[in-house]
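Visitor: this one's sequence-less:
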């Protein structure tokens, strides 16, 4: 019995592995971007002050200032 893989089989396996690796990298990159954005949102929320939540800031052009 010959257990060696054909050249074509090997190439196909390499292609599949490369494809999976690329998908994982893309996923990790997206996760990292979302994490950065969340960190930025929190930072913006803190800088504006506790009266405006990050959510309000994100969805309104002019953040509503609470009357003192």
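Guide: Cool, the structure landed. In this text the structure is predicted, and so the values were computed from the model without any measurement.

Visitor: Could you measure from residue 31 over to residue 41?
Guide: Going from residue 31 to residue 41 by CB to CB, to the nearest Å gives 16 Å. (Each C-beta comes from the backbone N, C-alpha and C, glycine too.)

Visitor: Same check on residue 7?
Guide: The value you get for residue 7 to residue 41, if CB to CB is used, is 51 Å.

Visitor: Those two: who's more crowded?
Guide: Neighbour tally, residue 7 and residue 41, criterion other CB atoms under 10 Å: the higher count belongs to residue 41, 15 against 8.

Visitor: Which of the three states applies to the more buried one?
Guide: Three-state call for residue 41 (DSSP: H, G, I helix; E, B strand; the rest coil): helix.

Visitor: Which element, helix or strand, includes residue 37?
Guide: Taking DSSP states H and E as the definition, residue 37 sits inside helix 7-48.

Visitor: which secondary structure elements does that helix contact?
Guide: helix 54-59 (3 or more CB pairs under 8 Å, 6 or more residues apart in numbering; DSSP states H and E).

Visitor: Please report how far residue 17 lies from residue 42.
Guide: With CB to CB as the criterion, residue 17 and residue 42 are 38 Å apart.

Visitor: Please read the previous query as pertaining to residue 7.
Guide: Applying CB to CB to residue 7 and residue 42 gives a distance of 53 Å.

Visitor: likewise residue 13?
Guide: 44 Å.

Visitor: try residue 29
Guide: 21 Å.

Visitor: Equivalent analysis for residue 28, please.
Guide: 21 Å.
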